[in-house]
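Peer 1: Could you look at this predicted model? Sequence included:
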Amino acid sequence: MSIEYRRLGGSGVLVSRVCLGTMNFGWHTPVQESFAIMDRALELGINFFDTADVYGWEKHHGYTEEVLGQWFAQGGGRRENVVLASKVYNPASRSKDDREPNRTGRNLSALKIRRHLEASLKRLGTEVIDLYQMHHVDRQCPWAETWEAFGSLKSQGKIVYVGSSNFAGWHIATANQEAYRRGMHGLASEQSVYNLNSRMIELEVIPACVEYGMGLIPYSPVDGGMLAGAVEKERSGRRGGDWVTARLERDRPKVAAYEELCRRIGHAPAEVAIAWLCHNPAVTAPIIGPRTLDQLETAVRATGIRLDEETLRALDGIFPGPGGAAPEAYAW
């Protein structure tokens, strides 16, 4: 299997066609298995890894970054061969008794950004985070303060690119315009939930990313398991979690129709879901969050699948989107 590379939006950096999401590492996937997945990802050509300062909840916030730091520390070019992304916005308490929200809470203040960046660098055992993303928009903090903090960190060489996550289209526009006023590069990428069963970002987020030359990094490409054979797994007695079971009761007809389509074209549902995202030229790299090596291999295989026009129309029929970009999607 070989993997393609794409520019991250309008930037010069090349990233793999899929991004390795590490949210499960250390607490859902044991440390040694996490190491094996990261080693195999590099072997497959995946050079884009995503994490966040809050991942590792059942242990403590930041635990997943610590796992990545331990892996980087093994050497062998691990850190040098990875475009590393992390995030800031949420509290990152060390334990249930450490109530960090009482100190800095959820925000993008200059103090928060600086403190969390330094803590992430320490946990990751690195001097720089290549893509530092705002995990959510802060509607109260002035953009002047937020961009001043990012600008300072860039000038110190501690971050390279700035990205957003879970932003609305107008948040993307505002953030970029405020950056441009300061002579800054602006946002390199947006990370949003996007999959066949969740297509709302086609209205305004995707058009905003295209307009501002940003990479789109969709997370939850298989909709938390709904698009990974949920009906077939239920029939074989391999039920998903409570969340999948509840969603399946609501979406069973279209998920069943989707799985039947996948059988007809000869590809696994999870592969088709990822291939559909890769078909969209606005998408840089879907974020895959494998718990096992097999799930990693499945995701890489998906990047080589080419869906024909008939299949794409059939998928639109099962999972109709919002009608395209706004305002044409709902107005003349």
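Peer 2: Now that the structure is in, tell me what you want to look at.
Peer 1: how far away is the nearest residue to residue 202 once chain neighbours are set aside from residue 329?
Peer 2: Nearest residue to residue 202, sequence neighbours excluded (Cβ to Cβ, 6 or more residues apart in numbering): residue 321, at 5.1 Å. The C-beta positions use only the backbone N, C-alpha and C, and glycine is treated the same way. Residue 321 sits 8 Å away from residue 329, going by Cβ to Cβ, to the nearest Å.
Peer 1: between these two, what contacts are shared?
Peer 2: Residues touching both residue 321 and residue 329 by Cβ atoms under 8 Å, 6 or more residues apart in numbering: residue 202.
Peer 1: Correct me if wrong: residue 36 contacts residue 291.
Peer 2: No. If you go by Cβ atoms under 8 Å, residue 36 and residue 291 don't touch, sitting 11.7 Å apart.
Peer 1: The residue nearest to residue 202 contacts residue 201, correct?
Peer 2: No. Using Cβ under 8 Å, residue 321 is not in contact with residue 201, being 9.5 Å away.
Peer 1: Tell me the buried residues in stretch 198-216?
Peer 2: The neighbour-count check on stretch 198-216 (16 or more other Cβ atoms under 10 Å) flags 198-199, 201-209, 212, 214-216 as buried.
Peer 1: Would you point out the most distant pair within those residues?
Peer 2: Based on Cβ to Cβ, the longest span within these runs between 198 and 212 and measures 22.1 Å.
Peer 1: Can you show me the helices along the stretch 151-300 of the chain?
Peer 2: Along the stretch 151-300 of the chain, counting by DSSP state H, counting those that start in this stretch, helices occupy 169-181, 205-211, 230-235, 242-265, 269-279, 293-302.
Peer 1: got the CA coordinates for the third one in CSV?
Peer 2: What it means is helix 230-235. Below are the C-alpha coordinates for helix 230-235, written out as CSV (Å, rounded to 0.1, in the frame of the first residue of the first chain):
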residue,chain,number,x,y,z
ALA,A,230,-23.0,-1.3,12.5
VAL,A,231,-26.0,-3.3,11.2
GLU,A,232,-23.9,-6.3,10.2
LYS,A,233,-22.1,-6.2,13.6
GLU,A,234,-25.5,-6.2,15.4
ARG,A,235,-26.7,-9.2,13.4
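Peer 1: Name the residues of it that are buried.
Peer 2: Here helix 230-235 shows 230, 231, 232, 233, 234 as buried, counting by 16+ other Cβ under 10 Å.
Peer 1: how far away is the third one from residue 315?
Peer 2: Using Cβ to Cβ, we find residue 232 at a distance of 18 Å from residue 315.
Peer 1: Sketch out the low-pLDDT regions of the stretch 51-200 of the chain for me.
Peer 2: For the stretch 51-200 of the chain, the stretches with pLDDT under 70 are 94-104.
Peer 1: Strands of that one, start to end?
Peer 2: All strands of the stretch 51-200 of the chain, identified by DSSP state E, counting those that start in this stretch, fall at 83-88, 129-134, 159-165, 187-191.
Peer 1: helices or strands next to the longest one in the packing?
Peer 2: So that's strand 159-165. The elements that strand 159-165 packs onto, with contact taken as 3 or more Cβ pairs under 8 Å, 6 or more residues apart in numbering; DSSP states H and E, are strand 129-134, helix 143-155, helix 169-181, strand 187-191.
Peer 1: any idea which of the ones you listed is most buried?
Peer 2: Comparing these by mean neighbour count (mean count of other Cβ atoms under 10 Å), strand 187-191 comes out on top with a mean of 27.
Peer 1: Next, the angle from it to helix 169-181.
Peer 2: Per axes from the mean of the first three to the mean of the last three Cα atoms, to 10 degrees, the angle that strand 187-191 makes with helix 169-181 is 160 degrees.
Peer 1: can you list the residues that contact strand 187-191?
Peer 2: Strand 187-191 is contacted from outside by 8-11, 50, 131, 133, 161-167, 172, 175-176, 179, 205, 208-209, 212, 214-219, 284, 287, using Cβ under 8 Å, 6+ apart.
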